[in-house]
Structures are given as structure tokens and as C-alpha cells.
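[1] A structural model of the following input is requested.
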Amino acid sequence: MKALLLNDKGQWKNMKVEEIEKPSPASDEIVVQVKAASLNPVDYKTGENGFPGWSYPHILGLDVAGIVDEVGSEVTTIKKGDRVVYLSDMAAKGGFAEYAVSKAHTVSKLHDSVSFEDAAALPVAAYTAYQALFFKLHAQKGKTILIHAGAGGVGGFAIQLAKYAGLTVITTASQKKHSYVKDLGADYAIDYKTEDFVERTKEITNGLGVDYVLDTVGRENATKSLETLAFNGQIAFIAGQPEMNESISPARPISFHHVFLGTVYQSGNKNEEKTLKQIGDHLVELLAEEKIYSTVEKVITLEEVPAGLQELESRSFTGKMVAKI
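    Residues are numbered from 1 along each chain as shown. Predicted structure coming up:
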């Protein structure tokens with residue numbers, strides 16, 4: 001089969017499409033003929049630094065959508081020919097290839113109305129946003145949330161899901177992307193380049209602060225975001241944990257939630273792995289019902305993935321980029 005091969009860590013910009021042996025499923029696995037695979041920042045980050053347990057050449061790509069080609073001997077819930085989407089195991093070979101392997105109990109079946117490209121945009125970004133909002137923050141209707149980087153992959157889905165849940169949404173984005181994030185459902189957009197998001201958030205909330213923060217930027221931004229939280233506020237962070245500082249006191253208790261789905265397969269907890277299917281099933285339903293949309297802004301070829309990842313690294317890209325295999 002053809003696959004985009006990473007020959008060693010640090011060489012992701014030089015990946016080439018080459019021939020490699022087609023994988024076979026273990027008893028609880030399926031082989032998927034990949035139709036689309038989404039690009040994410042985690043691809044170039046792990047491509048640069050590697051990941052424990054990888055052997056080379058490795059195949060990147062955590063977001064996979066396609067058609068089931070083969071099933072393991074113990075698989076009863078999935079059959080050959082099913083259209084599916086799943087989040088790949090970070091330690092295993094991924095979806096930038098003609099065929100890929102997944103645990104059967106983690107995949108979600110696709111409605112016929114949902115394209116492979118739209119489905120492939122979901123796992124890393126939308127699953128993460130879903131876990132943050134509903135499994136960590138337990139977001140409630142009528143509350144207020146500050147979502148950082150609303151024009152990004154996770155942020156874009158988080159805005160849509162927060163509005164679906166009945167929240168008031170404040171987001172940060174550059175001025176030129178304000179119309180984009182408001183089209184997604186944001187009630188307020190703050191230009192992080194020219195405005196102080198703490199001061200602006202307090203203005204919007206009449207000094208009370210927000211009930212929730214979802215930070216996708218980094219440790220410094222997450223730390224500053226603590227100042228925007230209301231009494232009993234909660235922060236979910238993805239790119240770096242906030243510092244325990246003077247923002248935390250008995251007078252203003254705060255809850256912290258670390259969000260990271262990528263290593264769920266390394267947890268050894270099959271029930272946690274099954275939540276991937278639970279999240280995926282609901283998101284596919286919402287996509288089919290047009291209650292959310294995929295935010296796919298660009299479709300590329302497998303050969304164009306290294307250039308696409310460099311575009312993501314530049315932080316100039318809005319929405320999701322998907323490779324059609």
C-alpha cells in the first residue's frame with residue numbers, strides 16, 4: 001500500500017509517499033481503507049519529537065475516516081463495508097496511508113449523508129472540545145465560557161458545541177477572523193493582539209467573570225485566564241497547565257481540568273477507550289443533523305500533507321485541513 005512515511009523524528013517536513021506492507025488486524029481490530037485523514041498540530045509536534053514506542057518508518061495521522069476492509073476474528077459490531085471514523089492510537093501507525101488499523105470498540109459508524117472529509121475533521125479537534133465541555137467542565141445551559149483561539153480546530157468545534165449546549169460564548173481571535181468565529185456562534189470576539197482579554201471579559205460579564213475557560217494556547221495564557229474566572233469557575237487546558245498563583249484563594253475557588261485524549265490507548269482502561277465511540281457517535285449525529293459543521297476549509301492530497309502541516313505550524317490557517325486519500 002502507499003503511505004506517507006516518517007523515516008525518523010525531526011524529518012516530518014521531508015516525508016514522502018512510498019510503498020509499505022498493508023497491515024493486518026488483531027482479533028479485536030479492524031483494517032480501514034482510508035478515504036480521508038485530517039491534519040492537526042499534534043502531527044508535526046510528534047513528528048518533530050517522536051513518541052515512546054514508535055518504530056520507523058512511522059505513519060502520522062490521528063484522524064481517520066474510511067471504509068472497513070477487514071475485521072478481526074472477535075469483532076462482531078463492525079462489518080466489512082461499514083463507513084467509519086475514529087481517533088487513532090498515538091503509539092500506532094496512523095492514517096496518512098491507504099489502509100490503517102483501529103480497535104473496533106473505538107470507531108463510530110457514519111451516516112450516509114456525512115462525507116469522509118467532514119468526518120475526518122472530527123476526532124482530535126471535536127472529540128477534544130466535546131471531552132472538555134461535557135466530560136470535564138460539565139457545561140450547563142445559561143453559563144458563560146471563554147474559549148481561546150476560536151478560529152482554530154478545537155476552538156471552532158468548542159464554540160459550536162457550547163452554543164448547542166446553550167452557553168454564552170466569548171472567544172479570542174485576530175480581528176480578521178471575528179466574522180468567522182461569530183458565524184460559528186460566538187457571542188463576543190476579543191482581538192487578542194490589540195485587546196487585554198482579561199479586562200474585556202470582565203467588561204462583558206459586568207465584572208463577574210466567566211463560569212468556564214477552555215484554553216488551547218499554552219501555560220502563560222492559561223495562567224492569565226485564571227483572572228477571568230468567576231466564583232467557583234473552572235478551567236480546562238490542553239496546551240499547558242496554569243500556574244498555581246495568587247489568582248487562587250479561598251475567596252475565589254477554582255477547578256482545574258487537564259484535557260488530552262491522545263494517550264487514552266495507553267491508559268489500559270478499555271472503558272475509557274469506549275468513550276471515544278460514545279463521543280464520536282454523538283458528534284456524527286450532530287453533523288448529520290447540521291447542528292454543527294466540520295469547519296473543513298481546505299482539502300489536499302496525501303503528497304501535500306508535509307506542506308499542509310507547515311501551514312498549520314505557521315498558525316495562519318483557519319479551521320480544518322483534510323487530506324483526501
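
[2] the nearest residue to Ala158 once chain neighbours are set aside: neighbour count?
    Excluding the flanking residues, the one nearest Ala158 by CB to CB, 6 or more residues apart in numbering is Ala129, at 3.9 Å. (Glycine included, C-beta is placed from N, CA and C.) Ala129 has 30 neighbours, counted by other CB atoms under 10 Å.

[3] and Ala129, how far is that from Leu286?
    12 Å (CB to CB, to the nearest Å).

[4] contacts for stretch 279-289 next, please.
    85-87, 106-111, 113-114, 118-119, 122-123, 126-127, 130-131, 164, 292-294 (CB atoms under 8 Å, 6 or more residues apart in numbering).

[5] among those residues, name the buried ones.
    85-87, 106-110, 114, 118-119, 122-123, 126-127, 130-131, 292-294 (16 or more other CB atoms under 10 Å).

[6] now, which of those lie within helices?
    Among those, the residues falling in helices (DSSP state H) are 118-119, 130.

[7] residues touching the closest residue to Leu87 other than its chain neighbours, list them.
    In this structure, Leu87 finds its nearest non-sequential neighbour in Pro123, 3.8 Å apart by CB to CB, 6+ apart. Each residue near Pro123 by CB under 8 Å, 6+ apart is listed here: 38, 62-64, 85-88, 276, 280.

[8] and with 10 Å instead?
    Contacts for Pro123 (CB atoms under 10 Å, 6 or more residues apart in numbering) come out as 37-38, 40, 62-65, 85-88, 95, 106, 108, 261, 276, 279-280, 283.

[9] can you show me the strands along the stretch 151-300 of the chain?
    168-172, 188-190, 210-215, 229-237, 254-258, 296-301 (DSSP state E, counting those that start in this stretch).

[10] weakest of the ones you listed by average pLDDT?
    Lowest mean pLDDT within those: strand 254-258, a mean of 91.

[11] can you name every helix or strand that that one contacts?
    Judged by 3 or more CB pairs under 10 Å, 6 or more residues apart in numbering; DSSP states H and E, the packing partners of strand 254-258 are strand 210-215, strand 229-237.

[12] among those strands, which is nearest Ser24?
    Ser24 lies closest to strand 229-237 among the helices and strands packed on strand 254-258, at 38.3 Å (CB to CB).

[13] partners of that closest one, with directions?
    strand 210-215 (parallel), strand 254-258 (parallel) (DSSP bridges).

[14] ok, and the helix or strand in the protein with the lowest average confidence?
    Averaged element by element with mean pLDDT, DSSP states H and E, the chain has its least confident helix or strand at strand 254-258 (a mean of 91).

[15] could you dump that one to CSV, C-alpha only?
    Written as CSV, here are the backbone C-alpha positions of strand 254-258 (Å, rounded to 0.1, in the frame of the first residue of the first chain):
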residue,chain,number,x,y,z
ILE,A,254,-11.3,27.4,41.0
SER,A,255,-11.3,23.9,39.5
PHE,A,256,-8.7,22.7,37.0
HIS,A,257,-9.2,20.1,34.3
HIS,A,258,-6.4,18.6,32.1
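
[16] pull out the buried positions in it.
    Buried residues in strand 254-258, counted by 16+ other CB under 10 Å: 254, 257.

[17] centre of this structure to the edge, which residue is at the far end?
    Ala251 (34.2 Å; CA atoms, centre = their mean).

[18] which residue packs closest to His178, ignoring adjacent ones?
    Spatial nearest neighbour of His178, excluding adjacent residues (CB to CB, 6+ apart): Ala189 at 4.2 Å.

[19] all set now, cheers.
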